[in-house]
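**Q** With the sequence up front, the predicted model follows.
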Amino acid sequence: MPKLVHPELSYEVRGVLLDVYNTLGPMLKEAYYQDAIALGLEKRGITCFTEKAFEVYYGGERVGLYYVDVWIDGGKILLEIKVAPAIEPLHKAQAISYLKVTDADLAILVNYGAPSLEDERLPNFLRDKQPEFTWQPQAVVQGLLYPDLVNVILRACHRVHFTLGPGFLHQVYRRAAMIELRRSGLSYDYIKRLPIEYEGQLLGYQDVRLILVEDKVLLATFALRRNDNTLAELLRAHLRRLDLRLGLLANFYGTKVAITPVRVR
């Protein structure tokens with residue numbers, strides 16, 4: 001049987017988590033639980049910080065920041081707070097991502113959205129495991145343009161998600177994707193603004209965050225719970241503005257990156 005990580009501290013922390021649930025009840029804003037937990041821990045003499053910032057790196061290059069919900073006793077425990085109907089596999093995957101970034105000893109995932117308190121311990125076994133990324137070329141949609149180029153882009157996006165995991169902001173994945181594209185030997189341009197025109201008249205400029213790969217494929221990277229048809233239509237409009245025929249929507253939100261091709265005929 002594996003040895004428990006920080007059993008006494010974990011027991012005290014769980015007591016606070018349960019007391020907060022019993023006092024406040026479920027389904028409030030995460031910030032209320034975060035502040036209440038910090039108060040309860042400090043009252044018991046346990047050192048903690050809320051919203052502690054950590055730099056996120058990809059391949060040795062900085063790509064953004066992550067803020068820990070509650071950082072306990074110098075990293076012995078990282079507390080990740082959710083308000084959801086139940087703890088989901090995605091929540092666990094996110095907590096594991098945060099263990100990678102912070103190198104905390106233990107993540108405790110706690111959910112205040114269920115009829116009773118839910119919590120799960122996730123020890124940091126990542127220090128002893130170095131899984132390797134493997135890739136098999138994917139069968140692209142029949143008739144899709146630039147199949148070889150698309151496969152290299154797919155590989156880059158999947159490697160980014162494999163390395164970082166879910167749970168970060170859009171810009172983290174975007175910056176990591178550009179690093180991976182560069183290391184894959186692909187050229188790209190980072191497009192921040194596009195002109196908006198109608199009947200030959202300039203209406204203004206729209207802020208965008210798009211990656212034009214090899215002057216052929218327009219890549220949009222993001223992390224959203226929902227990926228509806230509106231995003232595809234928006235990317236299609238951008239493709240027409242740039243006189244391009246193929247775009248890729250890469251959504252890093254889930255346990256796997258979801259990539260959707262968008263075409264202009």
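**A** Yep, it's here.

**Q** Lys192 sits in which helix or strand?
**A** Element membership of Lys192, judged by DSSP states H and E, is strand 188-198.

**Q** Let me know the secondary structure of Asp215.
**A** Classification of Asp215 by DSSP: H, G, I helix; E, B strand; the rest coil places it in coil.

**Q** contacting residues for it?
**A** Ser187, Asp189 (CB atoms under 8 Å, 6 or more residues apart in numbering). Placement of C-beta: from N, CA and C, glycine included.

**Q** Which phi and psi values does it adopt?
**A** The phi and psi values for Asp215, taken as degrees, to the nearest 10, are phi 60, psi 20.

**Q** Can you give me the buried ones in the helix or strand hosting Leu149?
**A** Using DSSP H and E, Leu149 sits in helix 147-164. By neighbour count on 16 or more other CB atoms under 10 Å, the buried set for helix 147-164 is 149-161, 163-164.

**Q** How about stretch 202-219?
**A** Result for stretch 202-219 [16+ other CB under 10 Å]: buried residues Leu210, Ile211, Leu212, Val213, Val217, Leu218, Leu219.

**Q** show me where the stretch 151-265 of the chain has helices.
**A** 170-183, 229-241 (DSSP state H, counting those that start in this stretch).

**Q** out of those helices, which comes closest to Ala53?
**A** The closest of the helices of the stretch 151-265 of the chain to Ala53 is helix 170-183. By CB to CB, the value is 13.1 Å.

**Q** Going by contacts, tell me the helices and strands next to that closest one.
**A** Applying 3 or more CB pairs under 8 Å, 6 or more residues apart in numbering; DSSP states H and E, we find helix 170-183 packed against strand 48-58, strand 61-72, helix 147-164, strand 188-198, strand 201-213, strand 217-222.

**Q** Strand 201-213 and the last one, what's the angle between them?
**A** Which is strand 217-222. On the basis of axes from the mean of the first three to the mean of the last three CA atoms, to 10 degrees, strand 217-222 is oriented at 90 degrees to strand 201-213.

**Q** Gly113 contacts Ile81, correct?
**A** No: between Gly113 and Ile81 there is no contact under CB atoms under 8 Å: 10.1 Å.

**Q** between those two, which one's more packed in?
**A** Ile81 (20 against 15; other CB atoms under 10 Å).

**Q** List the single closest residue to that one in space, sequence neighbours excluded.
**A** Closest residue in space to Ile81, ignoring its immediate chain neighbours: Asp69 at 4.7 Å, by CB to CB, 6 or more residues apart in numbering.
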